[in-house]
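Engineer: Pasting the sequence and the predicted coordinates here, then a few questions.
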Amino acid sequence: MPGLVLPQDVIFIASKPLVIRGLSVREQILYYQKVYQTNYQSSAWVQGIEDYPVWTLSQGQSQRLSLLRLGFSQNKLWLLDEPYNALDKEGIGLFNDMIDHHLFEGGAVVYSSHVKMRQGCRELCIGS
C-alpha cells in the first residue's frame, strides 16, 4: 500500500546517545556497517577520534557517533529525540547535511527540539 510506513521503515534515536562503551569509535562504525549491511562515508563525523575508546568521548562526540547510525540505516522515517543536543557548529552542519540528503532521497524526519527549527521545517506543537 503506497504511503504505508511499516515498523522496519522506522529508526528511533533517543536523546541519550546509544553507543557501545567497550568499543573504539572505529569498532562502533564497523558494528554499524555489519548491522545495517551498508557503508557510509563517516570520516568527517569522527575525524581525529577514530581510535578513541567510546567511553572517553565528550557528550557532543558521543551524540555525533550515535547520529552517524542514521547514515548507515536504510530506514525511511527517522524519529529523533533532541538530536541537536551537545552538537557543536560543525556537528550541526554535518547533521543538517545528512537530513537534507535523506529528505532529497524521499525520506522523512520527525524530531523534538527545544532549539529553533531548521529553515524549511514544519512545526507541530503538542500540548499546551
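Structural biologist: Cool, the structure landed.

Engineer: From here on, just use CA atoms for contacts and neighbour counts.
Structural biologist: Fine.

Engineer: low pLDDT regions in this structure?
Structural biologist: For the chain, the stretches flagged by pLDDT under 70 are 1-5, 116-118, 123-128.

Engineer: Now do the contacts for residue 46.
Structural biologist: Contacts for residue 46 were tallied using CA atoms under 8 Å, 6 or more residues apart in numbering; they are 25, 61, 64-65.

Engineer: Which two of these have the greatest separation?
Structural biologist: Within the contacts of residue 46, 25 and 64 form the most distant pair, 10.7 Å apart (CA to CA).

Engineer: rewinding a little: of the contacts of residue 46, which is the nearest to residue 48?
Structural biologist: Distances from the contacts of residue 46 to residue 48 were compared by CA to CA; the smallest belongs to residue 25, at 10.2 Å.

Engineer: where does the most centrally placed residue in the chain fall, phi/psi-wise?
Structural biologist: Nearest to the mean C-alpha position of the chain, by CA atoms, centre = their mean, lies residue 67 at 2.3 Å. Main-chain torsions, residue 67, degrees, to the nearest 10: phi -70, psi -30.

Engineer: can you give me the strands in this structure?
Structural biologist: Using DSSP state E, the strands of the chain run over residues 10-13, 77-81, 108-112.

Engineer: so what secondary structure elements neighbour the shortest one?
Structural biologist: The contact analysis (3 or more CA pairs under 8 Å, 6 or more residues apart in numbering; DSSP states H and E) places strand 10-13 against helix 59-72, strand 77-81.

Engineer: hmm, 10 Å instead?
Structural biologist: The criterion is 3 or more CA pairs under 10 Å, 6 or more residues apart in numbering; DSSP states H and E, and the helices and strands that strand 10-13 contacts are helix 59-72, strand 77-81, strand 108-112.

Engineer: picking up where we left off before, distance to residue 111 for the contacts of residue 46 - can I get that in JSON lines?
Structural biologist: As requested, the contacts of residue 46 are arranged in JSON lines below (distance: CA to CA, whole Å):
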{"residue": "25", "distance to residue 111": "25"}
{"residue": "61", "distance to residue 111": "20"}
{"residue": "64", "distance to residue 111": "16"}
{"residue": "65", "distance to residue 111": "18"}
